[in-house]
Each structure stands twice: as structure tokens, then as C-alpha cells.
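Asks: A predicted structure for the sequence below; I have some questions about it.
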Amino acid sequence: MRNVRPALWFDLVLLALFAAITVALALRTPLLSLDLAVRDLVDAHRPSWAYWTARVFNYLGQGGQVLTPLAVLTALVVGRRTHSVRPALPVIGGFVITYLTIGPLKVWTDRTAASDHKVVHPEYLFHVPTGMSYPSGHVVNAIVWYGVLAILLGGLLRPGQLRAIRYGAPAIVLFTTTYLSFHWVTDGLAAICLGLVLDRILQRVPWDTIPLPWISPKFAGSSSLQEQQTR
């Protein structure tokens with residue numbers, strides 16, 4: 001298992017924060033009023049040019065249409081350059097870990113979207129069976145999939161560039177989903193906590209040393225460009 005900093009205690013803090021946000025919303029604390037206030041504020045300050053600019057940048061968090069295909073394409077390119085099937089492993093890991101968490105949580109929490117203007121009072125977590133807004137899938141996807149891309153591109157980009165990819169894009173997605181009222185602000189905050197935990201799980205996996213007994217050693221090399229860059 002690879003070391004990821006901060007240590008495991010940070011994952012526990014993130015999970016506790018996610019649980020705290022969820023409980024706070026279910027108990028109709030002032031966080032619900034904050035959601036409504038932010039929603040009403042951005043709705044009142046969204047000129048056409050800003051709306052369309054935000055819509056474009058919001059695609060940075062589009063999982064199925066943008067991020068997953070991009071990760072698959074990157075894995076194919078890296079796999080060809082490193083003559084290895086291992087670049088497919090973090091992509092499969094990213095798909096599985098998001099599939100098992102984002103969808104079930106959305107179904108379980110029953111939260112309507114911030115764009116539903118029928119919501120005029122703070123009673124919408126575990127309240128509307130058709131709601132699927134919590135947590136923000138765009139934000140979780142952005143954190144997880146840009147983390148996967150960072151794994152694949154390791155050795156090709158500088159550490160600062162990798163950090164910009166891993167954290168810059170999710171920050172943009174968090175802002176745009178909130179600004180466009182696609183999600184409540186607390187949907188995004190909870191998604192940050194969940195997304196970071198999932199990303200840290202994937203970053204800990206030793207993708208280059210996982211046994212692949214059914215694969216020829218010739219094609220069981222590196223999962224990234226790191227090995228090729230250091231030759």
C-alpha cells in the first residue's frame with residue numbers, strides 16, 4: 001500500500017465531516033437556510049454571459065460524457081507507450097468506486113436539486129423520493145477522475161502541474177455547479193469530503209505491483225509514464 005499524506009486520520013476526519021453535514025441537513029439546522037440563501041443569491045446574479053461560461057466549465061465534472069472517456073483514452077495511450085495493461089487498472093478502480101458510492105447515496109438521501117424553485121422551505125433532505133441531488137456527482141467525479149489522470153500521467157508532469165489538475169478542476173466544478181443552481185452549496189461541500197476519501201483510496205493502491213498472474217510479464221509493466229520517464 002502506498003503512503004498518502006496526511007495519514008489515515010485525515011480520511012476519518014473527512015468521513016466525519018460528510019456524516020456531520022448529512023445529519024445537519026436531515027435535522028433541518030441553519031445549514032438548510034444557508035443553502036437557500038446561496039441559491040437565491042446566485043439566481044439573482046447570473047447574466048447570460050456568466051451562465052454560458054459556467055456551463056462550459058461545468059463540463060469539467062461530467063463523468064460519463066467527458067471524464068471517463070478521457071481517462072480511458074489516456075490509459076490506452078499510456079498503455080501503448082509503456083507496453084502495459086496496468087494503466088487500465090486505476091481506470092477500472094475509478095469506475096467501480098464511483099459507481100458503488102455516488103448513485104446509491106443519491107437514491108438514499110432523496111434530495112431535490114437547487115434548481116427546483118418549488119422548494120421554498122428547508123425540508124428537502126430525506127424528503128422527496130424523486131430527488132437525487134446529494135452529494136454532487138459532478139464534484140465527486142471531478143476529484144476521483146482527475147486523481148486517476150494524475151496517476152496515469154505520473155512522471156510526465158511536474159508535481160505542481162499534477163496538483164493543479166487534481167484540485168483546480170474540482171474547485172471550478174464546485175463553483176459552477178453551485179452558481180448554476182445545479183446543486184445546493186452543501187451538496188458540493190459533502191462531495192468534497194466524499195471525493196477526497198475515494199481519491200485517497202485510489203492513490204494508496206500499488207497499481208504497479210498488483211499481481212496479474214493471467215497477464216504475460218511482457219505486458220504487466222507500469223501503470224503510468226513514471227517508469228518510462230526515469231529510464
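Replies: On my side now, so go ahead. Not measured: the values here are computed from a predicted model.
Asks: Pick out the residue nearest the middle of the protein.
Replies: residue 140 (2.3 Å; C-alpha atoms, centre = their mean).
Asks: Now for it: which residues touch it?
Replies: The contact partners of residue 140, taken as C-beta atoms under 8 Å, 6 or more residues apart in numbering, are 98, 101, 102, 191, 194, 195, 198. Every residue, glycine included, has its C-beta placed from N, CA and C.
Asks: now that we have those, which one has the most neighbours?
Replies: In terms of neighbour count, residue 195 stands highest of these at 32 neighbours, by other C-beta atoms under 10 Å.
Asks: That one is in contact with residue 173, isn't it?
Replies: No: between residue 195 and residue 173 there is no contact under C-beta atoms under 8 Å: 10.0 Å.
Asks: so what sits against both of those two?
Replies: 139, 142.
Asks: sorry, back to before: could you find the closest non-adjacent residue to the residue nearest to the centre of the chain?
Replies: Spatial nearest neighbour of residue 140, chain neighbours left out: residue 195 (4.2 Å); criterion: C-beta to C-beta, 6 or more residues apart in numbering.
Asks: wait, what's in contact with the one you found?
Replies: Here residue 195 is in contact with 139, 140, 141, 142, 143, 144, 170 (C-beta under 8 Å, 6+ apart).
Asks: same deal with residue 204?
Replies: Contacts of residue 204 (C-beta under 8 Å, 6+ apart): 1, 2, 3, 4.
Asks: Nearest to residue 42 among those?
Replies: Nearest to residue 42, judged by C-beta to C-beta, of these is residue 4 at 34.2 Å.
Asks: so that closest one, which of the three states?
Replies: Classification of residue 4 using DSSP: H, G, I helix; E, B strand; the rest coil returns coil.
Asks: Tell me the pLDDT of it.
Replies: In this model, residue 4 is scored at 82, pLDDT.
Asks: So it sits against residue 202, correct?
Replies: No: Residue 4 sits out of contact with residue 202 when judged by C-beta under 8 Å, with a separation of 9.6 Å.
Asks: who's more crowded, those two?
Replies: Applying other C-beta under 10 Å to residue 4 and residue 202 shows that residue 202 carries more neighbours, namely 21 against 15.
Asks: ok, for that one, nearest residue in space, not its chain neighbours?
Replies: residue 93 (5.5 Å).
Asks: what sits up against the helix or strand harbouring the one you found?
Replies: Taking DSSP states H and E as the definition, residue 93 sits inside helix 88-99. Here helix 88-99 makes contact (C-beta under 8 Å, 6+ apart) with 63, 68, 71-72, 75, 79, 140-141, 144-145, 147-148, 151-152, 198, 201-202, 205, 207, 210, 223.
Asks: quick one: least confident helix or strand in this structure?
Replies: When the helices and strands of the chain are compared on mean pLDDT, DSSP states H and E, helix 226-229 comes out lowest with a mean of 48.
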